[in-house]
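> Pasted the sequence and its predicted model underneath.
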Amino acid sequence: MATRLTLAAISKSYGHDKNRVTALHDISLALAEGEFLAIQGPSGSGKSTLLNICGLIDNPSDGSYTLNGVAVAQLSANERCTYRRREIGFIFQRHQLIPAMTVYENIAYPLLLSGSKAKQIKHDVNQLLGVMGLEHRRKHLPKQLSGGERQRIGIARALIKRPQLVIADEPSASLDHQHAHAGLQLMRELNRDYGASFLIASHDPFVIDHCDRKIELLDGHLGAST
Amino acid sequence: MNWLRIALRNVLRDATRVISTLLIIAVGLTALLVGSGFMLSTYDALQEIAMRSEGHVIIIDDNPAPALGGTHQQLSLSHWQTLQSALSEDDRIVRVLPRARFEGMISKGNQSAVFFGSGVDPKEEFRVHGPFLRTDGVLNPWLTLQETPDVVLGAQLARTLNATKGDLLTLHTQNRHGKNSAITVQLAGLYHTGTPEIDNHSLMTNLTTVATLLDTDNISQLSIYLHQREASAAVQTLLQNSRDGITVQTWQQRAELHHKVKALYDRIFGVMGFIILVVIFLAISNTIALAIHQRREEIATLSALGTNPSRIYANFILEACLIGLAATTLGMLLAYAISNGINLAELMMPAPPGKTEGYPIFIYISWPHYLITSAMLIILAALASFLATYKATRVNIAHALS
């Protein structure tokens, strides 16, 4: 199976001199196409930092990162933006829905950015709304939704464009078992049908059990892989 | 996706921010519009003074008389009556007024003073000055019905001579042969121009008196008053091309004071307007920057999802334009109400430097001017929004989301 991403000796530090804090130490990791990889670790272990670097929204201080065979360091800001738009789906821990957009608009947004036709957008969004059990919420704004509903919309938004790589930070947070199951089902379908790779940071044993492989981060160091 | 609807929702979801930005723009626009309305009315008043005192189009002789003294150099237009009759037939022309400039001494008893006089048509002269020449005891139209010729004096000149209406005065000058000449005139009334230099030394009498005194029918100029000032240049060109021996000028070519004062006011109002614009821009920038800072997480999310910076700028600029549109509408309505209120209240400005009398404050309401100024403020709001968003999109996405 081809490699989706490769991290080689990645480090990430913040601050300077005495105030320097290293969040990631010498991380080397490979994620195959269609792989479901869980990252475990306590709070502050560097999971989110690692996800940010893999999702092209932060830069490593050291080391190299290759995504689909392309050295990320060589990409311009615009090219990174294009990559995020086309190839990467984000599921944020705090949902990060756009407050002024309705449920429908939030889910449709990535398709609109990638230039999909209106008819296609309507079809895909309606389908996902059905799967997520959110049809009745389509015209609501995020502030009118519960935490669980927002998280489901966040998952739908990340998956609707069928990205090659999904970065998920605690995707089952604020979801009950039924909806967590539905979300994972959807991720698995995308994984199965389109070969999407998943990089998931989670504490939830239910989510971790669904992953193909687990790695552990402790104080920014990569631990055992199982 | 309807970006306008999304922008509107964003605008409405932060009422405090919107109201403060809206008020800054609205109050700033009101100040600009009322200030510039006053400026426009001042310019118009200056133009009116220049046109009413000289005429829209002025005809003078193109070959001044030989130097026999200042007065005679000014009295060089001969056979003007024919020209006056011919011009009076033109539909564009309201009236054609002859004016003969002369100078000399005026005396009453042992009091005497230098004067700069104008021989005028008493029936028509005071009709053209309008509110810019206030008379005191002068019949309007001013008629010379008595045997003793009439004279009207600048109010301050009369005060210098201690002369009152009905007093007999003597005008002394040199006639066209260079000989001393004098005539007794009766004071028919006073006038006030509000300019001390004019009121101290000027007088008006009828053309017959001037002709008798100077022994010539010549005049200095024919002042042509038109129905529409915009026709000045066309009438000038036509007259200049169709007649020999005369020089035709428009009021603009003669209104040196108007041009100087306008240039001065342009600078004063320009600097004031610029300062107001800068203050508005800084205030808008501050409010918008604060609002955008509070939404940096949203901007970071949009960036993380792969939104081009240009799309993000467009969203925020659209919001600024919506706020700007609402604010400028409010500002225009406020300016309209305040301007009308001031105009109806008939408030007076104090006398400006070089004047003895104040003048009524009038604020012009010009809708094209309102719209252009409003558009300028909307552009400023959009620019402030762009600059703040530009900074926000440069922030590290991961930091903004954490």
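That came through, no problem. Computed from a predicted structure; not experimentally measured.
> Give the closest residue to the closest residue to chain A within chain B in space, chain neighbours not counted.
Distances between chain B and chain A by CB to the nearest CB are smallest at B:Gly306, namely 2.4 Å. All C-beta atoms are positioned from the backbone trio N, CA, C, and that covers glycine. Spatial nearest neighbour of B:Gly306, chain neighbours left out: A:Arg85 (2.4 Å); criterion: CB to CB, 6 or more residues apart in numbering or on different chains.
> and the residue of chain B closest to chain A, what element?
Following DSSP states H and E, there is no helix or strand that holds B:Gly306.
> ok, it - how many residues close by?
B:Gly306: 25 surrounding residues under other CB atoms under 10 Å in any protein chain shown.
> Over to A:Lys119?
Counted with other CB under 10 Å, the neighbours of A:Lys119 add up to 8.
> quick one, phi psi at it?
Main-chain torsions, A:Lys119, degrees, to the nearest 10: phi -60, psi -40.
> per-residue pLDDT, it?
According to the prediction, A:Lys119 has pLDDT 93.
> go on, the one 10 residues further on?
On the pLDDT scale, A:Leu129 is placed at 90.
> near chain B, which residues of chain A?
Neighbours of chain B within chain A, by CB under 8 Å from any CB of the partner chain: A:48-49, A:52, A:55, A:57-58, A:78, A:81-86, A:88, A:90, A:92, A:96, A:98-101, A:105, A:108-110, A:112-113, A:141, A:157.
> Narrow these to those in strands?
Judged by DSSP state E, strands contain the following of the residues of chain A next to chain B: A:Ile88, A:Phe90.
> Pull out the buried residues from the residues of chain A next to chain B.
Listed as buried from these are A:48-49, A:52, A:55, A:57-58, A:81, A:83-85, A:88, A:90, A:92, A:96, A:98-101, A:105, A:108-110, A:113, A:141, A:157; burial here means 16 or more other CB atoms under 10 Å in any protein chain shown.
> now stretch B:203-212, how far from the chain's geometric center?
Stretch B:203-212 sits 32 Å away from the centroid of its parent chain (CA atoms, centre = their mean, to the nearest Å).
> What's the end-to-end length of it?
Criterion CA to CA, to the nearest Å; first-to-last residue distance in stretch B:203-212 is 16 Å.
> Identify the residues contacting that stretch?
With contacts defined as CB atoms under 8 Å, 6 or more residues apart in numbering or on different chains, stretch B:203-212 is touched by B:98, B:100, B:102, B:106, B:115-122, B:125, B:144, B:149-154, B:157, B:171, B:183, B:185, B:191, B:217, B:219.
> The same query, at a cut-off of 7 Å, please.
Stretch B:203-212 is contacted from outside by B:98, B:100, B:102, B:106, B:115, B:117-122, B:125, B:144, B:149-154, B:157, B:183, B:185, B:217, using CB atoms under 7 Å, 6 or more residues apart in numbering or on different chains.
> Take those residues and keep only those in strands.
Judged by DSSP E, the contacts of stretch B:203-212 include B:98, B:100, B:102, B:106, B:115, B:117-120, B:150-154, B:183, B:185 as members of strands.
> By neighbours, which of those residues wins?
Within those, most neighbours by other CB under 10 Å means B:Leu153, with 31 neighbours.
> For that one, which non-adjacent residue is spatially closest?
Closest residue to B:Leu153 apart from its sequence neighbours, by CB to CB, 6+ apart: B:Leu203 at 4.8 Å.
> what does A:Ala71 give?
A:Ser64 (6.4 Å).
> Need the pLDDT of that neighbour.
At A:Ser64, the model reports a pLDDT of 92.
> which residues pair with it across the strands?
Taking DSSP bridges as the rule, A:Ser64 bridges to A:Ala8.
> who's in contact with stretch B:257-266?
With CB under 7 Å, 6+ apart, stretch B:257-266 has contacts from B:Met39, B:Thr42, B:Tyr43, B:Leu46, B:Gln47, B:Ala50.
> Report how many residues lie close to the residue nearest to B:Leu153.
If you count neighbours by other CB under 10 Å, B:Leu203 ends up with 25.
> Let's verify the residue nearest the centre of chain A: helix, strand, or coil?
Most central in chain A under CA atoms, centre = their mean is A:Ile167, positioned 1.8 Å from the mean C-alpha point. With DSSP: H, G, I helix; E, B strand; the rest coil as the basis, A:Ile167 sits in strand.
> how about the helices of chain A, start to end?
Assigned helices in chain A, in chain order: A:47-54, A:77-87, A:103-113, A:118-131, A:147-159, A:177-194, A:205-209 (criterion: DSSP state H).
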